[in-house]
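Trainee: sequence plus the predicted model coming up.
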Amino acid sequence: MPELPEVEVVVRQLDAAVRGRRLGALRVLHPDVFLATAGLRPADVAGKTVTVVRRRAKLVVLDLSGGLLLTVHLRMTGRLWLAAAADPLPEHTHCCLGVGRGRELRFRDPRRFGRWHLLRAGELAELPFVRRLGPEPFDLARDALAERLSWRTGSLKGALLDQSLVAGLGNIYVDEILFRAGLHPRLVANRLRPQELDRLHESMLAVLDAAIEAGGSTIRDYLPLTGTPGRFQRSHQVFGRGGASCRVCGRTIRKLRVAGRGTHFCPGCQPARRRRPRPRGARAC
Ligand SMILES: [Zn+2]
């Protein structure tokens with residue numbers, strides 16, 4: 001499932017390709033995939049200009065002239081690409097949007113969990129799932145992250161997966177961030193020490209930056225707009241490496257279930273916290 005870096009790569013490529021373009025027809029080939037707020041129809045997109053393509057959490061957002069927004073949620077298997085309008089349509093193509101010069105932005109999604117949504121500017125922030133989203137990682141200062149974690153008594157992994165704490169992280173990047181920070185995924189989220197919070201914040205930004213730079217992680221279905229697979233999966237230290245040797249310490253990467261998700265970590269680099277030894281002479285009670 002694409003996470004923040006993969007969606008960011010798609011957004012940057014799409015912005016470079018269609019910003020300033022006047023849109024043609026939007027064809028919706030499967031009605032389940034397309035949502036519109038009251039009074040809007042696919043035909044309203046024709047003739048509008050794309051002012052910018054941006055990202056909110058895992059959502060691709062096209063800002064259009066005339067106060068309209070078109071959002072694309074890729075979910076599990078959704079994929080966007082640009083094609084000549086005359087090219088044949090592959091199976092499971094559900095939306096085609098004319099973007100000028102005889103080209104179309106196309107959307108294919110075999111599992112059909114992905115969604116296109118046409119709405120008015122201002123309505124996006126009011127959508128229930130968008131209202132619940134926490135800040136973007138790149139907008140979240142170290143102390144704000146610490147404050148948000150201070151309320152969480154569950155596992156650190158579970159807290160970071162919660163989109164209301166920080167938006168856009170998923171199973172791959174939380175595992176990679178925790179490895180880089182040297183933090184065990186089952187640490188209690190509000191028990192981090194100041195230095196551990198420093199490392200967590202630094203690692204979150206560094207891992208996401210490196211992943212975007214490498215075009216994201218292509219594991220199953222994800223491909224950027226250009227169709228060239230991402231390369232960051234080659235740099236994964238723990239995710240998908242259960243049973244392999246840690247590239248840093250040589251210990252065997254282990255797999256656990258944390259927060260209901262398969263979780264990879266290195267027991268050498270991410271030790272469980274030791275109980276503080278009881279001071280000598282203290283009485284057991
Ligand atoms: Zn290790």
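Mentor: Right, received. Where do you want to start?
Trainee: now what about the longest helix seen in the chain, what contacts it?
Mentor: Ranked by residue count under DSSP state H, the longest helix found in the chain is helix 194-213. Applying Cβ atoms under 8 Å, 6 or more residues apart in numbering, the contact partners of helix 194-213 are 4-5, 8-9, 137-138, 140-142, 145-146, 149, 156, 166, 169, 173, 176-178, 180-183, 187, 192, 217, 230, 232, 235. Any C-beta I mention is one placed from the backbone N, CA and C, and that applies to glycine too.
Trainee: next: stretch 2-9.
Mentor: Defining contact as Cβ under 8 Å, 6+ apart, one finds that stretch 2-9 is touched by 10, 55, 57-60, 74, 137, 167-170, 172-173, 208, 211-212, 215-217, 222, 224-225, 230, 232.
Trainee: please repeat the previous calculation with a cut-off of 7 Å.
Mentor: 55, 58, 60, 74, 137, 168-170, 172-173, 208, 211-212, 215-217, 222, 224, 230, 232 (Cβ atoms under 7 Å, 6 or more residues apart in numbering).
Trainee: tell me the residues of the stretch 101-250 of the chain that contact the ion?
Mentor: Taking Cβ under 5 Å from the ion as the criterion, the stretch 101-250 of the chain approaches the ion at residues 246, 248-249.
Trainee: stretch 22-36: end-to-end distance?
Mentor: By Cα to Cα, to the nearest Å, the extent of stretch 22-36 from end to end equals 20 Å.
Trainee: just for the stretch 151-285 of the chain, where's the confidence low?
Mentor: Where the stretch 151-285 of the chain drops to pLDDT under 70, the residues are 274-285.
Trainee: ranges for the strands of the stretch 101-250 of the chain?
Mentor: Along the stretch 101-250 of the chain, the stretches classed as strands by DSSP state E, counting those that start in this stretch are 103-108, 115-120.
Trainee: OK, now which residue of the stretch 51-200 of the chain is nearest to the ion?
Mentor: With distances taken as Cβ to the ion, the stretch 51-200 of the chain approaches the ion most closely at residue 179, which sits 7.8 Å away.
Trainee: and residue 120, how close does it get to residue 223?
Mentor: As for residue 120, its distance to residue 223 is 31 Å (criterion: Cβ to Cβ, to the nearest Å).
Trainee: more crowded one of the two?
Mentor: Summary of the neighbour comparison: residue 120 and residue 223, criterion other Cβ atoms under 10 Å, with residue 223 having more neighbours (19 against 14).
Trainee: for the more buried one, give me its contacts.
Mentor: Contacts of residue 223 were listed using Cβ under 7 Å, 6+ apart, and they are 79, 229.
Trainee: state the distance from it to the ion.
Mentor: According to Cβ to the ion, to the nearest Å, residue 223 and the ion sit 31 Å apart.
Trainee: in the longest helix of the chain, which residues are buried?
Mentor: Using 16 or more other Cβ atoms under 10 Å as the test for burial, helix 194-213 gives 196-197, 199-201, 203-204, 207-208, 211-212.
Trainee: can you give me the helices for the stretch 1-150 of the chain?
Mentor: For the stretch 1-150 of the chain, the helices defined by DSSP state H, counting those that start in this stretch occupy 4-18, 128-131, 142-149.
Trainee: which of these is buried the deepest?
Mentor: Among these, the stretch with the highest mean neighbour count (mean count of other Cβ atoms under 10 Å) is helix 4-18, at a mean of 22.
Trainee: so it versus helix 194-213, what angle?
Mentor: Computed by axes from the mean of the first three to the mean of the last three Cα atoms, to 10 degrees, the angle separating helix 4-18 from helix 194-213 equals 40 degrees.
Trainee: got the angle between helix 4-18 and strand 103-108?
Mentor: Here the directions of helix 4-18 and strand 103-108 differ by 160 degrees (the same axes, to 10 degrees).
Trainee: quick one: mean pLDDT over helix 4-18.
Mentor: The average pLDDT within helix 4-18 is 97.
Trainee: and what of stretch 92-109?
Mentor: pLDDT averaged over stretch 92-109 gives 96.
Trainee: how about the nearest residue to residue 255, chain neighbours excluded?
Mentor: Nearest non-adjacent residue to residue 255, counting by Cβ to Cβ, 6 or more residues apart in numbering: residue 242, 3.8 Å away.
Trainee: contact partners for that neighbour?
Mentor: The neighbours of residue 242, taking Cβ under 7 Å, 6+ apart as the test, are 253-255, 264.
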